[in-house]
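Peer 1: Show me the folded form of this:
(4 chains)
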2 protein chains.
Amino acid sequence: MSQSFSLDPVEVALSPLQRFEEYLQSRGMRMTKPQRLLIEHVFSRHDHFDADTLMDQLKGEVGEIGRIGRATVYRTLNKFVEAGLLRSFTLDGRAVYEHDYGYPQHDHLHCTKCQRLFEFQSEELLTLRDAVAREHRFRVTGHRFIISGICDECQRNRRREKRKHDMI
Amino acid sequence: MSQSFSLDPVEVALSPLQRFEEYLQSRGMRMTKPQRLLIEHVFSRHDHFDADTLMDQLKGEVGEIGRIGRATVYRTLNKFVEAGLLRSFTLDGRAVYEHDYGYPQHDHLHCTKCQRLFEFQSEELLTLRDAVAREHRFRVTGHRFIISGICDECQRNRRREKRKHDMI
DNA sequence: ATCATTGCAAAAGATTTGCAAGGTC
DNA sequence: GACCTTGCAAATCTTTTGCAATGAT
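Peer 2: As a prediction, this is how the structure comes out:
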């Protein structure tokens, strides 16, 4: 799962870790090493990822902890979403996660060739969404907008492939 | 999976069945009883459904065929999508299907309380989508826009529930 | 007579859950 | 010490696949 940097972080008072600690305390839950490691890893760079990718990356990290089990990863990601740290959506049957806390609202362009996700912001979209909702007397809680297609780079590559093919 | 009627069918030359037969013939595939039964059932009313719901409904139908296996349902639904008869998207981890052939492009409002899907059309959304794509040099192949929230009816019910609760 | 389709069961892929053991407050 | 969290394995859920039997052209 690849990424694209395009939107700037929003000013926030607390670090993700601090915010999570607050969340845990307010619910009588406990901070642990696996959770801390996951939060640090996940917020060390802004990208999109799924549970499996994350598992793989964690294997790479010379764990101060021997190993983080798959179940723990899933359980912790769910907590992060619950805590408002991450947002998740489904892409091709698997859950994809991205930063929520400290990042502005945005939507996605999905390249069906290279599978990369690109972000964009549109105030207009929110206006449209709210107008539609109002018309239908809906109380909006959120939305999901994904534009799919072929990204610029993949279009170029295809043209190149095509030329190569034409020459044969 | 419930439905809402709001958009009018588009004029089409061929019936879904005829269109499917054309599709099959063009690929050397064969028309069978299960497929015909499924196409008739699915196009007998305009609603959203998932594979499981469909299976359940089929059990009800006094089958001229003894039974349609789960695998056949899945395989046939995929063919329908491939043939352009149905469109599918994912909701809470499962595939949801709806009519495509003979129905205008539209997007959805999803009530997270009663799980119903409501349809709406917005030319403006398409314009916005294409503008965003152009900015990113994306070649658009499609999009997915789902507004989630609470529908009018469920809001009323909640208010009623709340009143009842307040009285106790 | 071909060869696509079916039904069943098994497989696959993603995520969740039960439970004993370990860690945190 | 109470009880939340972990890791592992088993379970779940949805969808796909292998295969022998059946059916369409």
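Peer 1: What is the burial count for A:Q18?
Peer 2: A:Q18: 11 surrounding residues under other CB atoms under 10 Å in any protein chain shown. Using the backbone N, CA and C atoms, a C-beta is placed for each residue, glycine as well.
Peer 1: Show me which positions of the longest strand anywhere in chain A end up buried.
Peer 2: For chain A, the longest strand by residue count, based on DSSP state E, is strand A:139-150. Across strand A:139-150, burial judged by 16 or more other CB atoms under 10 Å in any protein chain shown covers A:140, A:143-150.
Peer 1: which one of those residues sits closest to B:E98?
Peer 2: Nearest to B:E98 out of those is A:R144 (CB to CB; 16.4 Å).
Peer 1: How about the closest one, nearest residue that isn't a chain neighbour?
Peer 2: Using CB to CB, 6 or more residues apart in numbering or on different chains and skipping the chain neighbours, the partner closest in space to A:R144 is B:I146 (4.9 Å).
Peer 1: Check A:A95 too.
Peer 2: A:S88 (5.0 Å).
Peer 1: After the helix or strand hosting the one you found, which helix or strand is next?
Peer 2: Using DSSP states H and E, A:S88 sits within strand A:86-91. Proceeding N to C from strand A:86-91, the next assigned helix or strand is strand A:94-99, under DSSP H and E.
Peer 1: Paired strands for the next helix or strand after that following strand, with orientation please.
Peer 2: Scanning forward in sequence from strand A:94-99 by DSSP H and E, the next helix or strand is strand A:107-111. Its sheet considered, strand A:107-111 pairs with strand A:117-120 (antiparallel), strand A:139-150 (parallel) by DSSP bridges.
Peer 1: burial count for A:M29?
Peer 2: The local packing of A:M29 (other CB under 10 Å) involves 14 other residues.
Peer 1: Just to be sure, it is in a helix?
Peer 2: No - assigned with DSSP: H, G, I helix; E, B strand; the rest coil, A:M29 falls outside any helix and is coil.
Peer 1: At the contact with chain B, which residues of chain A appear?
Peer 2: Contact residues, chain A versus chain B (CB under 8 Å from any CB of the partner chain): A:90, A:93, A:109, A:111-112, A:118, A:120, A:122, A:124-125, A:128-129, A:132-133, A:135-152, A:155.
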